[in-house]
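Enquirer: any chance you could fold what I've pasted below:
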Amino acid sequence: MNRSTFGLVLLAASCGGAWAQSSVTLYGIIDVSGQWNKQYSSTTLQQESLWSIDSGYQSGSRFGLRGAERLASGLSAIFTLEAGFSADTGVSTQGGLLFGRQAWAGLQSGWGSLAAGRMATPSSGTGSFDMWAAVDPFGAGFGVNQSGSTFVAANALREDNAVLYVTPSLGGLKAAAGYSFNRGGAETAPQGSNSDAVTLGAAFSSGAIYAVVTYDVLAYPDAGSSTANAGNPDEKLLQLGATLDLRLIKLHGAWADQRSISAVRAGVSIAPPSGLASYDNQAWMAGVSVPLAGGSLMASYQYANAPSVLYASSAGTASFEPDYSVWGLAYAYPLSLRTNVYLGYGQVSAKGSLSSTQVDRQQSALGLRHRF
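Expert: Got it, this is the predicted structure:
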């Protein structure tokens, strides 16, 4: 073998070794269903029924790329790019962002993971670093049945310009801490014109028990800024949840203390009225999941409870008490390791001072979900 041929062999071998240490995976979910919804219509100003083909009832439809490259001394470079779309129309979701679900890169080792980019919080019920979905019988899906209908942070809270550190699992305990320099869009000067955020989470798993606590502080721009909601108080969202797996049945429970809610983000979208900057509430959820006939039966009841507050309205002093309940039932049956069919029903009922005409809702769906 001459010198040039030997050099080419060595180059090919070294390149092959380098490629063998890195990997990129294409993955995704296509979820499409036939739905019936009865809800408030802004056109007729009353409850109306609607039949439709919809996307993302059990899980948001998506496709993504995730990858890892082994570096040195047990260190790896990691990344995830994930785009959401509607299977019924083909349009992008998350406001039309190219990678609206996730777009981050980082490093991973025995000391844990450090990532930066656009990420879902550990409290969100979705994303690479989620700690919450396991608490929800519906896995943070199934339309209005999901815990995000009453738990604000659990309704897919995502943050731009974020950095997050997640520890390895130590005796079943894992923790996370993160900060966003501006959770919606690019940062702008001065610093006070940005909506920053702090996110904390910890989860413990041992045998039949899983427990999690998350805490998010969502800040708004300083008063006087031209940004929407400028001067609003920080939203402080504390969530506690746990499951107990008794084999024949799994019990699910959760509670949240949610302070200074001012933006429309919860699944039922209860916004403070004009003249009231924010309000507080507490939410709780109790549910079960049961293996049944080769599939899984899921059910839960949620309640959002807020104290009555007085505010100045155009008609004088008014009272606002945004209480509502949500209950849901669903069944999912696997056709293969990657494909399942499902049937679900959920109902939202207004309580307190809310208008039942605008808040009450019924939703049912029959659908197919394929993971790849």
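
Enquirer: from the contact counts, what lies against the longest strand seen in the chain?
Expert: In the chain, taking DSSP state E as the definition, the longest strand is strand 22-41. Judged by 3 or more Cβ pairs under 8 Å, 6 or more residues apart in numbering; DSSP states H and E, strand 22-41 is in contact with strand 46-55, strand 62-70, helix 356-359, strand 361-371. To be clear about C-beta, it is placed using only N, CA and C from the backbone, and glycine gets the same treatment.

Enquirer: helices or strands up against the first one?
Expert: When contacts are defined as 3+ Cβ pairs under 8 Å, 6+ apart, strand 46-55 sits against strand 22-41.

Enquirer: got it, and the third one?
Expert: In this structure, helix 356-359 packs against strand 22-41, strand 339-350, with contacts taken as 3+ Cβ pairs under 8 Å, 6+ apart.

Enquirer: tell me which of those strands is the most buried.
Expert: strand 339-350 (a mean of 19; mean count of other Cβ atoms under 10 Å).

Enquirer: show residues contacting it.
Expert: 33, 57-58, 142-145, 149, 268, 295, 323-335, 356, 358-371 (Cβ atoms under 8 Å, 6 or more residues apart in numbering).

Enquirer: pLDDT of it, averaged?
Expert: Taken as a whole, strand 339-350 carries a mean pLDDT of 98.

Enquirer: how distant is that strand from the center of its chain?
Expert: 18 Å (Cα atoms, centre = their mean, to the nearest Å).

Enquirer: quick one, helices of the chain?
Expert: Ranges of helices in the chain, per DSSP state H, are 3-20, 356-359.

Enquirer: in the last one, which residues are buried?
Expert: When burial is assessed from 16 or more other Cβ atoms under 10 Å, helix 356-359 yields the following buried residues: Gln358, Val359.

Enquirer: please export the C-alpha coordinates of that helix as CSV.
Expert: Taking Å, rounded to 0.1, in the frame of the first residue of the first chain, the C-alpha atoms of helix 356-359 are listed here in CSV:
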residue,chain,number,x,y,z
SER,A,356,-71.9,30.8,32.2
THR,A,357,-72.8,31.8,28.6
GLN,A,358,-69.2,32.7,27.9
VAL,A,359,-67.3,30.2,30.0
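
Enquirer: and for it, what are the contacting residues?
Expert: With Cβ under 8 Å, 6+ apart, helix 356-359 has contacts from Tyr40, Leu45, Gln46, Gln47, Val268, Ile270, Tyr324, Val348, Ser349, Ala350.

Enquirer: 7 Å instead, please
Expert: Residues outside helix 356-359 that contact it (Cβ atoms under 7 Å, 6 or more residues apart in numbering): Tyr40, Gln46, Gln47, Val268, Tyr324, Val348, Ala350.

Enquirer: low-confidence ranges, the protein, go.
Expert: 1-20, 265-269 (pLDDT under 70).

Enquirer: tell me which residue is most central in it.
Expert: Ala156 (2.2 Å; Cα atoms, centre = their mean).

Enquirer: wait, that residue touches Ser149, no?
Expert: No: Ala156 lies out of contact with Ser149 (Cβ atoms under 7 Å); the separation is 11.7 Å.

Enquirer: out of the helices and strands packed on strand 22-41, deepest packed?
Expert: For the helices and strands packed on strand 22-41, the highest mean count by mean count of other Cβ under 10 Å goes to strand 361-371, at a mean of 19.

Enquirer: so which elements touch that one?
Expert: strand 22-41, strand 339-350 (3 or more Cβ pairs under 7 Å, 6 or more residues apart in numbering; DSSP states H and E).

Enquirer: can you check what angle separates the shortest one from strand 22-41?
Expert: Computed by axes from the mean of the first three to the mean of the last three Cα atoms, to 10 degrees, the angle separating strand 339-350 from strand 22-41 equals 40 degrees.

Enquirer: please save the CA atoms from strand 339-350 in PDB.
Expert: What follows is strand 339-350, C-alpha atoms only, in PDB (Å, rounded to 0.1, in the frame of the first residue of the first chain):
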ATOM      1  CA  THR A 339     -50.200   4.300  17.100                       C
ATOM      2  CA  ASN A 340     -53.300   4.600  19.200                       C
ATOM      3  CA  VAL A 341     -56.900   5.600  19.000                       C
ATOM      4  CA  TYR A 342     -58.700   7.600  21.700                       C
ATOM      5  CA  LEU A 343     -62.100   8.900  22.800                       C
ATOM      6  CA  GLY A 344     -62.500  11.800  25.200                       C
ATOM      7  CA  TYR A 345     -65.100  14.100  26.700                       C
ATOM      8  CA  GLY A 346     -64.700  17.200  28.900                       C
ATOM      9  CA  GLN A 347     -66.900  19.900  30.400                       C
ATOM     10  CA  VAL A 348     -66.200  23.400  31.800                       C
ATOM     11  CA  SER A 349     -68.700  25.000  34.100                       C
ATOM     12  CA  ALA A 350     -68.600  28.600  35.300                       C
END
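
Enquirer: roughly how far does Trp104 sit from Thr150?
Expert: According to Cβ to Cβ, to the nearest Å, Trp104 and Thr150 sit 28 Å apart.

Enquirer: ok, these two, which is more surrounded?
Expert: Taking neighbours as other Cβ atoms under 10 Å, Trp104 and Thr150 compare with Thr150 leading, 29 against 22.

Enquirer: surely the more buried one meets Gln282?
Expert: No: applying Cβ under 7 Å, one finds Thr150 not in contact with Gln282, separated by 9.4 Å.

Enquirer: good, we can wrap up now.
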